[in-house]
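Novice: Sequence plus the predicted model coming up.
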Amino acid sequence: MPKIAVLNQKGENVGEVELNEVLFDTNISEQSVYEVVKSQLANKRQGTQSAKTRTEVRGGGKKPFRQKGTGRARQGSIRSPHYRGGGVVFAPKPRDYSYKVSKSVRRKALYSVLTSKFKENELIVVDSLNFDNYSTKEAKNVLTNIKADKKAYIVYDDKNDKLYRSFRNIKFVESSVANLINVYDILRFKSLVITKDALNKLEEVFI
C-alpha cells in the first residue's frame, strides 16, 4: 500500500498513514474524468437562453412588395431571418442540458483524480483540523504551515461550521465533507488537503 506523511496544523511531520490502493493507486482513466467533468458542467447549466423564431417576432404580417414585376427576389415577410429585426434560424430555447453518467464511470473518475493528486505530490494529509473559534486568520496560518496556501480544497470527515466559515473567506480555497467531494472540484484546486478521519470516510463511502 502507498504511504504518505501526516502533518499537524503547524506543518510538522507527526507520522505516516497507509493510503487505500483502490482510491490512491489505481490506473488513471482520462476518458472517465472527461465524461464526468463534462456531465457536471452540463448539469450546472441553467438552460434559460432563448431567442425568437420568425413566427414569434412582432410585425411582418404584410408582404413587403408584390410578388412579380419588381426585379427583386420574392419576399413574404420583413421578419424573415435575413432581415434586420427578423427571427433567428433554429433559435435556442430553454431546455435541460443535464445527463447522467454511470456509477462505475463516476467512481473510476474519482479514483483517477485522487491517484493523480497523490502521484503529483499535491495530496496533503493532516492529522486533524480543529479551530477554537471562527477564524479566517487561523485558517490562513494552517494553510501556510502545510504549504497549501495557493489553491486548496479542504476535505474533512463531518460537518464542521467553524472550519467551513473559517475557510470560506479565503480566495481560491474551498472546503467540503468527505462524502460530498466530486471530480471537478478536486481538479480545480492545486492542493488536496484531507484529514485522517476523512480518509477513512472516503473508504466507507466510495469503495
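Specialist: Ah, there it is. Numbers count the residues shown, from 1 in each chain.
Novice: For the most centrally placed residue in the chain, list the residues it contacts.
Specialist: Most central residue of the chain, judged by C-alpha distance to the mean C-alpha position with C-alpha atoms, centre = their mean, is Tyr184 at 3.5 Å. Listed by C-beta atoms under 8 Å, 6 or more residues apart in numbering, the contact set of Tyr184 reads 36-37, 40-41. Where C-beta positions appear, they are placed from N, C-alpha and C, glycine not excepted.
Novice: residues making contact with the longest helix belonging to the chain?
Specialist: The residue-count maximum for a helix in the chain (DSSP state H) belongs to helix 103-119. Judged by C-beta under 8 Å, 6+ apart, the contacts made with helix 103-119 from elsewhere in the structure are 2, 4, 19, 22-30, 32-33, 35-37, 122-123, 181-183, 186-187, 192, 202, 206.
Novice: coming back round to it: mind checking how far the residue nearest to the centre of the chain is from Ala5?
Specialist: For Tyr184, the distance to Ala5 (C-beta to C-beta, to the nearest Å) stands at 27 Å.
Novice: ranges for the strands of the chain?
Specialist: Across the chain, reading from the start of the chain, the strands by DSSP state E fall at 3-7, 13-18, 123-126, 152-156, 173-177, 191-195.
Novice: Got the confidence number for the residue of the chain positioned farthest from its centre?
Specialist: Here the centre of the chain is the reference, and by C-alpha atoms, centre = their mean the most remote residue is Gly69, at 61.1 Å. At Gly69 the predicted local confidence, pLDDT, stands at 96.
Novice: Derive a PyMOL selection command for the buried subset of the contacts of helix 103-119.
Specialist: Selecting only the buried entries of the contacts of helix 103-119 in PyMOL, with 16 or more other C-beta atoms under 10 Å as the criterion:
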select buried, resi 4+19+23+24+26+29+32+33+35+36+37+122+123+181+182+183+186+187+192+202+206
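Novice: In helices only, show me the contacts of helix 103-119.
Specialist: Using DSSP H to define helices, the subset of the contacts of helix 103-119 located there is 22-24, 30, 32-33, 35-37, 183, 186-187, 202, 206.
Novice: Turn the residues you listed into a markdown table, columns for pLDDT and distance to Gly15.
Specialist: Compiled in a markdown table, the ones in helices among the contacts of helix 103-119 are given as follows (pLDDT from 0 to 100; distance: C-beta to C-beta, whole Å):
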| residue | pLDDT | distance to Gly15 |
| --- | --- | --- |
| Val22 | 95 | 22 |
| Leu23 | 96 | 19 |
| Phe24 | 96 | 17 |
| Glu30 | 97 | 33 |
| Ser32 | 97 | 33 |
| Val33 | 98 | 31 |
| Glu35 | 98 | 37 |
| Val36 | 98 | 33 |
| Val37 | 98 | 34 |
| Val183 | 97 | 29 |
| Ile186 | 96 | 24 |
| Leu187 | 96 | 29 |
| Leu202 | 95 | 19 |
| Phe206 | 95 | 24 |
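Novice: Out of these, the closest to Lys162 would be?
Specialist: Distance to Lys162 across those (C-beta to C-beta) is lowest for Leu202, with 21.6 Å.
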